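**Student:** no sequence for this one, just the structure:
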Ligand SMILES: Nc1ncnc2c1ncn2[C@@H]1O[C@H](COP(=O)(O)OP(=O)(O)O)[C@@H](O)[C@H]1O
Ligand SMILES: [Mg+2]
């Protein structure tokens, strides 16, 4: 019996090659897309779950929700908390701190800047990543011990066998490798692959411990905790307010809280700043999951539609089979089994597609996701369940409806066979196109916002700007300035471009206090970035006194330039009104507020994410101590110029390797999540279009064929090719038009919500909605045009003969 | 009304070439009622399709209402079909999704003939005695009733030429006689009617009979 069904399926595959290919490929693409999304979402949800015992590890968090300031969340704790938590709260078994830093590493000819974690010696008693060689328990005990991953071992020593070998940090401190870890997968909160003992003399942890101030809030290190066996996170959470009050006099009812978060949940906890990998936005992960499901839905709708459409063509076969004695059960088994077999082919094909696409996806997302389905029985069971479900749904219509027909009706060929009376099928097509239009709108909105983030919102002319971390007004900066490929060079502090911030309370004389950040720049900084003063002027050496004076008794106040937000927050009605006024800033060091004069106002600009508002900022001019060289290249012979800059760096005898980055690449990195979202939406919209087109194509072939007789009659009655074409195209246009009724409000609302997450955002581009609809309609009509045209042009006699 | 000269029709499939019509020549004047007879497969339907401009001859000339149409464009053929011709088929050829009234309307919509449309449909249905079923679907009617609808559809546009391919072939005697009655009535009213039939009795209602055999005209009988 089964052999009979199998041959009947294979024959029908061979007989309807185009139809079968459309059906199987469409579903396979849907499966592949959904599985890839699933793998990605799972990757996001399983951060650090690969570390044995990670489920018992927690990270300390500080959450501040102070009125008038953006909510602040960090995984950094004051350095003294780790030891105190272990003593004060009995449920905590052990704690250890990690603090990220960047240092240069050298072994022989290999030298580079690397991220590392300074870590307390007992870190690996809490966190136990799989190890290749060495003893983790003792690895960080000696102050010159160092733990690296296999990747680092291969980079510096050319082999995995690195135990006992030495590596130099900052060309000064010789360290010995005490353990080699397995390479970290991409789903980890750890941002460094090198661990250096916190009690090493040059360690930042050691420095901060030595300069510890009880009232300070230095949040440069994260604290990892392990609870005693049987203890609950809630036990600890209850004890934390009292602990916080005891150690920092923070009232329990204040809006600043100490929390602990499971390490495995850390990735989806929003963080303003942190010492671990950047958190993912939970709603984006959810949105992706939903999109994966939608794509799958489109593919399944297609498949079901095509299967049922074809099934009604087989009414005759059913009649004959029944007449020759097939029972209803036999027919149900046959149809469901046939659908099941199609779905299985698709699943197998989708596995091949995934193997093909996963490397590109990994490169695109900077992940190393693997698809080892043979090692994951649960995934296989889930996929088998999917095959069963889709096969059942797709086989159900022909199985139950057709098999219930009385053979006599079918054989008399009195079945309704023309288009139009297929409510379910049309509803499914409507749903499919609603999803399609929604995805196109989403892709468009995300793309526009991404453009906005990288261009308009930035306000800086970032073209060909290279940032070099290095000292200013030295032989080095003078050399770089005069290189042939360099157009200009200006110095600034990192703060001027938001690589760090120093903020203090400030006010006008007699005015309200507000938080004002300060940033130090050199002459010509604003001009360098193409900014225009909204009012007043920029710093100028001609004014001599702009830089102020080091003598506190000097008669004149230093000049500052404030941004628009600062002018507004200080209470000035306009940019003009601020010019020439005095601002009092309370520095942390001096008792007396410092008074300065506003000489100009600049537009808000920021390199920080557009998700957050730009800080109110005052810019000071100072030619000393700036650590950032902003270099604008001409754009010609860029590689040669970069090589010349590197050479100048080496020749100037700098103690570290050069750190340089292109501003536009840096900005891209900042908005990588938005850019990726845009690209993913676009990719999925294209996929949805592709699958929907396949479906439309198949459906139109079927419909055209099904309506052949009707078309013949209409032509005999005097219909022209154009009339017939209109008739057929309208049949397909109608569901697309209905789809807008669903797609517009849903996509509009969701994208509006998405935009609300940005402090700087575009208006919802309304023209996108009709544009997406027109696009979807055009695509739909183009795909059905071929078949419709062929039938519409045929001589009426061919059509009538069809019976 | 129409004039055929040496009309041939060949069907070419991959292996064989069938000559369905060979050197057919005859003339039919306006208002004539002609029956075409012959055994199955002799080319009757092929001839009727060519006469009705649903198909074109392989060679020869066909003049209809004074115009040469053997090699005319699809556009031209459609225009003439709209203006002149109504069809009745053996297998009724009604559109399943449309009601009886809508099926009849199909013959009018492409003629862009908007005047008194409802009324003319009602009259046509009245004439074939099926007005009480105007809202039904073809599936809900018997074969005889379906063929009446098809005749109403052919009559509603007042064509100059009605082509009927075995209109009584699928009907019992009573229904067949009724259908013949409507066709005779149309012929009496001045419409040219060309009908394929196997029934000698029905052929007797026509003024002239053309007999076909293997694609040739073997005899013409005028009553
Ligand atoms: N589309 C076609 N392709 C090939 N041969 C055809 C086609 N249509 C009709 N024929 C052949 O032409 C001959 C005449 O057919 P037809 O006009 O339908 O006969 P009748 O209506 O007299 O029974 C037959 O031999 C038939 O097989
Ligand atoms: Mg015939």
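**Tutor:** It's in. Please read all numbers here as calculations on a predicted model, not as lab measurements. Ligands and ions are numbered 1, 2, ... in the order given.
**Student:** near ligand 1, which residues of chain B?
**Tutor:** Taking CB under 6 Å from any ligand atom as the contact definition, chain B meets ligand 1 at B:11, B:13, B:18, B:20, B:40-46. Quick note: C-beta positions are derived from backbone N, CA and C, even for glycine.
**Student:** interface residues of chain B facing chain A?
**Tutor:** Counting by CB under 8 Å from any CB of the partner chain, chain B comes close to chain A at B:49, B:52, B:54-56, B:74-75, B:78, B:81-82, B:87, B:89, B:91, B:93-97, B:106-107, B:110-111, B:139, B:153.
**Student:** take those and keep only those in helices.
**Tutor:** Mapping those onto helices (DSSP state H) picks out B:49, B:74-75, B:78, B:81-82, B:106-107, B:153.
**Student:** columns neighbour count and pLDDT on top of the residues you listed, output as CSV?
**Tutor:** Below are these laid out as CSV (neighbours: other CB atoms under 10 Å in any protein chain shown; pLDDT from 0 to 100):
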residue, neighbour count, pLDDT
B:49, 23, 89
B:74, 15, 81
B:75, 10, 83
B:78, 21, 84
B:81, 26, 86
B:82, 19, 85
B:106, 21, 86
B:107, 27, 86
B:153, 28, 91
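**Student:** how about the strands of the stretch 651-800 of chain A, start to end?
**Tutor:** A:660-662 (DSSP state E, counting those that start in this stretch).
**Student:** now do the helices in it.
**Tutor:** Using DSSP state H, counting those that start in this stretch, the helices of the stretch 651-800 of chain A run over residues A:663-670, A:672-706, A:708-716, A:721-756, A:768-793, A:796-801.
**Student:** how about the strands in chain B?
**Tutor:** Using DSSP state E, the strands of chain B run over residues B:2-12, B:17-28, B:33-37, B:59-64, B:67-68, B:85-88, B:161-165, B:192-196, B:208-213, B:216-222.
**Student:** now those in TSV, with mean neighbour count?
**Tutor:** Shown next, in TSV, are the strands of chain B (neighbours: other CB atoms under 10 Å in any protein chain shown):
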stretch	mean neighbour count
strand B:2-12	17
strand B:17-28	16
strand B:33-37	23
strand B:59-64	18
strand B:67-68	11
strand B:85-88	26
strand B:161-165	25
strand B:192-196	25
strand B:208-213	18
strand B:216-222	13
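**Student:** wait, which of the ones you listed is closest to residue A:735?
**Tutor:** Closest of those to residue A:735 is strand B:85-88, at 32.8 Å (criterion: CB to CB).
**Student:** tell me the centre residue of chain B?
**Tutor:** A centroid search over chain B (CA atoms, centre = their mean) returns residue B:163, at 1.7 Å, as the residue closest to the centre.
**Student:** ok so, going back, and the residues of chain B next to ligand 1, which is the shakiest by pLDDT?
**Tutor:** Lowest pLDDT of the residues of chain B next to ligand 1: residue B:13, 77.
**Student:** nearest residue to the residue in the stretch 551-700 of chain A that ligand 1 sits nearest to in space, please, no chain neighbours.
**Tutor:** Residue of the stretch 551-700 of chain A nearest ligand 1, by CB to the nearest ligand atom: residue A:700 (24.4 Å). Nearest residue to residue A:700, sequence neighbours excluded (CB to CB, 6 or more residues apart in numbering or on different chains): residue A:784, at 3.6 Å.
**Student:** does that neighbour touch residue A:696 like I think?
**Tutor:** Yes: contact status for residue A:784 versus residue A:696: in contact at 5.6 Å, counting by CB atoms under 8 Å.
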